[in-house]
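Participant: Could you look at this predicted model? Sequence included:
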Amino acid sequence: MSNGTERVTEADNYLAAGTTLRSWLTTHDHKRIALLYMISITAFFFIGGAAAVLMRFELATPAGDLVSHDTYNKLFTMHGVIMVWMFLIPSIPAGLGNFLMPMMIGARDLAFPRLNLLSWYLYVGGGLFTVVALIAGGADTGWTFYAPFSTLFSNTHVIFVLFGVFVVGFSSILTGINFIVTVHMLRAPGLTWFRLPLFVWANYATSIILVLATPVLAMTLLLLAAERLLGVGIFDPALGGDPLLFQHLFWFYSHPAVYIMVLPAMGVVSEIVPCFARKRVYGYRSMAYAILAIAIIGFMVWGHHMFVSGQSAYASLLFSLLSFLVAIPSAIKVFNWLATLKGGSIEFAAPMLYALGFIGLFTLGGLTGLILASLSADVHLTDTYFVVAHFHYIMVGGAVMAYLGGVHFWWPKIIGRTYPEMWGRIAALIAFFGFNLTFFPQFLLGYAGMPRRYHVYPERYQLLHVLSSAGASILAIGYLLPLGYLTWSLFRGPRASSNPWRATGLEWTTSSPPPPHNFAQTPIVTEEAYAYDSSADPKESRA
Amino acid sequence: MNAAAAEPFDDVRQRARADTFGLWIFLMTELMFFGPLLFGYWFGRVEYAHAFAVASRHTDVTLGTLNTALLLSSSAAMAAAVAARVRRATRVATGLLLITFLLGCAFLVVKGLEYRSEWHEHLFPGAGFAFAGEDAAAVRYFYFLYFALTAVHALHLIVGMTLLAVFAIALWRGADEFGAPRRIELAGLYWHFVDIVWIFLYPLLYLLGRSGA
Amino acid sequence: MSGELLLFPPSASTAATHLDRLMLALTLLMSTVIIIVGALLVVFCIRYRRGARMPRANAPSRSRRIELIWSTGPLLVFLGIYAWAAHDFLELARVPADAMPVFVVAKQWMWKLEHANGRREISELHVPVGRPVRLTMTSQDVIHSFYVPAFRIKQDVVPGRYTTLWFEATQTGEYDLFCAEYCGTQHSLMRGRIVVMSPADFAAWLDRGTQQPSMAQRGFALFRSYGCDGCHGANSSVHAPKLDGVAGRTVALADGRNITADDTYLRDSILLPARDVVAGYAPIMPSYAGQIDEADLMAIIRYLHEGAAAQGDEDEQRH
């Protein structure tokens, strides 16, 4: 195990062990699979992002002068489908998680390495299929595929897109199974459950959601396809079916899905904040229990997407109450992060900027979620830009920021080189500013009555849309910059030591990059997680 | 290619436990996969109780019962195959895997016969559906669930049969490592799961409305 | 670009007043929280930055008491917000008995509305100020959503069933009507306006539309032309339920249940008659599914509400 910055030899470096394309495409090494995921996730992110850029261009003017109605409808559909299923859901678990989960518990790999590779192939296959469907014209049903529009009225490639998502869903399920078995069975000696890093807890809870919720999505998509192909009538009122049945089935998966997206992000933040505050996480056990509580209660709130759908008032009352309850563990996590900062010794490296941004933006997004959980408020605000702003604050201001923070934090470990810190900080700040300029006006738009999924709109909403579109162009820069300097650092970045951030955690005890089998000997764990001490003299910054 | 794949387990027993655990979680996901269909069934059973009973009486209970017997026998054969493989009676195990496979084939043939006659009776819930009597819409809904549940079950059965065929051929060719007892056990676990699903489907689809009158 | 900026839609209904009050409270509360969280973030980052001379030894890593406080505190606040919003929501769900009925059929990409006296509108709704209005709505094709930002009300309009929405306008004027559930190509154009008039103006407007038969009169004509009175009429020899005053009555069904004959039940009885058969009758009524369009169904149901009073002079009826 090297501790200096000398070049790591081939035997000690998973990146150098086999340089052919074939060695990458047939690898069983979780670290290589993680990189394969990160590359494909990035590609899908920019495809989904391109759709968003076109949408924001169009929305800068009230008239539909850039694209036709149908094209716009396809753009928002494909943006949603690609961002949700090909980016947000796999990004932290399959990208960072695949790399880190075995290392954080002192294991040599995941429990089922070949299954892991299959997961990636299913992901890429399903994703590519969806992109082909997109090129062939895409679908225009919205990522929510509501019946009967998607079953009886849409003339687009609905079934192709459904199939792509269906295949990607199996990738999620297999990753979930892999993580659960790994955490249960491959922890190093001495690594009890309550000594695990919170990133592991977060991905474990996420995996439970993945395995329980995704199959419901799979069946729902099959039912949708059967309805469309065979005209069976489960969702068709003319044949005695019920359109609301689709909504219940769809949201039963899709609400837990948002916790699949946000729990791992919280896990990342819980790794970054203690490291850069040099202080252990406040209330570790509460944090772990809060993660589990979010996962469990998250299965019981799906009807809050359906308050005005025609669902019974009693059901709505129940779903609203549960939605308030699920906010409590999230609030606890925010308070605990703040308490971690107090008494710390804080350094503002790029990962920390992303994590701090997460805390602020997730809080704001979560508070607006409470507004939407309030029944009478939701009547006015649902299906408007208020909802769009709310979920982008959580998904983009939260999950994407956390993903980028995690990428920057573990970059030296994954790649063995450091990125240029100044550019990292600049990009984080630009993204934060651009993000708020893009999405805050959308809260105002929503309250003012601007419905979502509108291609053209009354002139009086234009000013807010222009602000939002301007913000989007700044946000785009905030995302292109890391693409640039991280790629640069792949080839020209200074070599990293094994632990440039002086972080605790078993992954930092290996070389950067780690050897193929992670640990020469299985480590033995004797202390709690986050053994930081902010009162120790922090003279050196990272090597 | 990488050096030998990083073997994450400390010993064979730990690996066996992990494999079993993983398969059980997978079976949980299968429950969630069948779940929406079973939920749809429960919804229909409550909303359209009379129509469901009428519809269920149009299924072929003789063939359905025959299929149940075939599957239960196949599970017995499978259990015997696992036991044989564990005590290293490889030839016997191979034969029993083959019997299980054939019983699965027989199930599919019988199912195919049922589907064919149901198609001719215009019970398939497509454009050609026709049912003389009241509640036609609810009967159509029942038959949608019938076809969906039995078709998804049959797909799972085919996956199981493929596994059996692969292992049987491997063992017959002497690939004892590939057909290790642990793996045959896992295949058996999967097969029993498919059988249990059928044990639920049989009364739900065939026996509704047949008690008494 | 127009310089006009809309931040706060007009508050033109009783529901809007209630909602704006709740939103104000929520906005103040959320702003306070985010300011506190933001301030703590900034203050901690500055005070405890690397190199700042601050006491850092023995920082606590947990405190049961503090954690209990900041768990139960928010919980109580959340329950309070929940209760307030739920109360307002139940008000929205309770339609006043004296509400003026209007019937809405949504289709891609327009709104068809009809007043009880038969006057029809396309994507426009004239209503009097200060009087509750009840919308009974259905869709001819996909799910739409009737949204009036100025009234702060919204309700999905679903094919195959009726959904209800009520409001009481408090200010005259014209207000946006949007479709708020994505419904295809011209979803963003499926707009209209609500025209709120003084009671006198509205009465005059409504009066101008009396050349056509009222909905109930039209419904009676349809009741006869579709042959309904062949079985349900007073002189019929067929054993069929009599429909005088059926709307709103409790009906005993063959399977033992008792249900209220609301508009959804009446509609289902015409389209899916075998579904909820009345006790003591054989299920011999044929289904009219696919034969009667939504607007005509509403007219027939209107007739069932108004009964004999609607059987006006046939000479005056025009289609």
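Facilitator: Right, received. Where do you want to start?
Participant: hey, let's count contacts and neighbours off CA atoms from now on
Facilitator: OK.
Participant: helices or strands up against the helix or strand containing residue B:203?
Facilitator: Residue B:203 is part of helix B:181-206 when elements are defined by DSSP states H and E. Helix B:181-206 sits against helix B:12-47, helix B:61-86, helix B:136-172, with contacts defined as 3 or more Cα pairs under 8 Å, 6 or more residues apart in numbering or on different chains; DSSP states H and E.
Participant: Residue numbers of chain B in contact with chain A?
Facilitator: Residues of chain B lying near chain A by Cα under 8 Å from any Cα of the partner chain: B:1-3, B:5-9, B:14, B:18, B:21-22, B:25-26, B:28-30, B:32-37, B:125-127, B:137-138, B:140-141, B:144.
Participant: Show me which of these are buried.
Facilitator: Buried members of those, scored by 16 or more other Cα atoms under 10 Å in any protein chain shown, are B:1-2, B:5-9, B:18, B:21-22, B:25-26, B:29-30, B:32-34, B:36-37, B:125-126, B:137-138, B:140-141, B:144.
Participant: Number of residues surrounding residue A:136?
Facilitator: 12 (other Cα atoms under 10 Å in any protein chain shown).
Participant: if I pick it, what's in contact with it?
Facilitator: residue A:157 (Cα atoms under 8 Å, 6 or more residues apart in numbering or on different chains).
Participant: from what I can see residue A:415 touches residue A:490, true?
Facilitator: Yes. Using Cα atoms under 8 Å, residue A:415 is in contact with residue A:490, at 6.9 Å.
Participant: Those two: which has the busier surroundings?
Facilitator: The neighbour comparison of residue A:415 against residue A:490 (other Cα under 10 Å) goes to residue A:415, with 23 against 17.
Participant: where does the nearest residue to that one once chain neighbours are set aside fall, helix, sheet strand or coil?
Facilitator: Beyond its immediate neighbours in the sequence, the residue positioned closest to residue A:415 (Cα to Cα, 6 or more residues apart in numbering or on different chains) is residue A:513, lying 5.7 Å away. Secondary structure assignment for residue A:513 (DSSP: H, G, I helix; E, B strand; the rest coil): coil.
Participant: Quick check: residue A:513 touching residue A:15?
Facilitator: Yes. Using Cα under 8 Å, residue A:513 is in contact with residue A:15, at 7.3 Å.
Participant: Who has more neighbours out of those two?
Facilitator: residue A:513 (26 against 21).
Participant: Quick one: mean pLDDT for the one helix or strand residue C:219 maps to?
Facilitator: In this assignment (DSSP H and E), residue C:219 forms part of helix C:215-225. Average pLDDT, helix C:215-225: 90.
Participant: could you dump that helix to CSV, C-alpha only?
Facilitator: Extracted C-alpha coordinates of helix C:215-225, given in CSV (Å, rounded to 0.1, in the frame of the first residue of the first chain):
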residue,chain,number,x,y,z
MET,C,215,-80.9,20.8,-20.5
ALA,C,216,-83.7,18.9,-18.7
GLN,C,217,-86.1,19.5,-21.6
ARG,C,218,-83.5,18.3,-24.1
GLY,C,219,-82.9,15.4,-21.7
PHE,C,220,-86.6,14.5,-21.8
ALA,C,221,-86.6,14.4,-25.5
LEU,C,222,-83.6,12.2,-25.5
PHE,C,223,-85.2,10.0,-22.9
ARG,C,224,-88.0,9.4,-25.3
SER,C,225,-85.9,9.2,-28.5
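Participant: who does that helix touch, helix- and strand-wise?
Facilitator: Applying 3+ Cα pairs under 8 Å, 6+ apart, one finds that helix C:215-225 contacts helix C:294-306.
Participant: The helix it packs on and chain A, any residue contact?
Facilitator: No. Figure legend: helix C:294-306 not in contact with chain A (Cα under 8 Å from any Cα); closest approach 12.1 Å.
Participant: Counting by contacts, list what whichever helix or strand residue A:323 is part of packs against.
Facilitator: Assigned by DSSP H and E, residue A:323 belongs to helix A:313-341. Secondary-structure packing of helix A:313-341 (3+ Cα pairs under 8 Å, 6+ apart): helix A:243-277, helix A:284-297, helix A:350-373, helix A:375-381, helix C:14-47, helix C:64-93.
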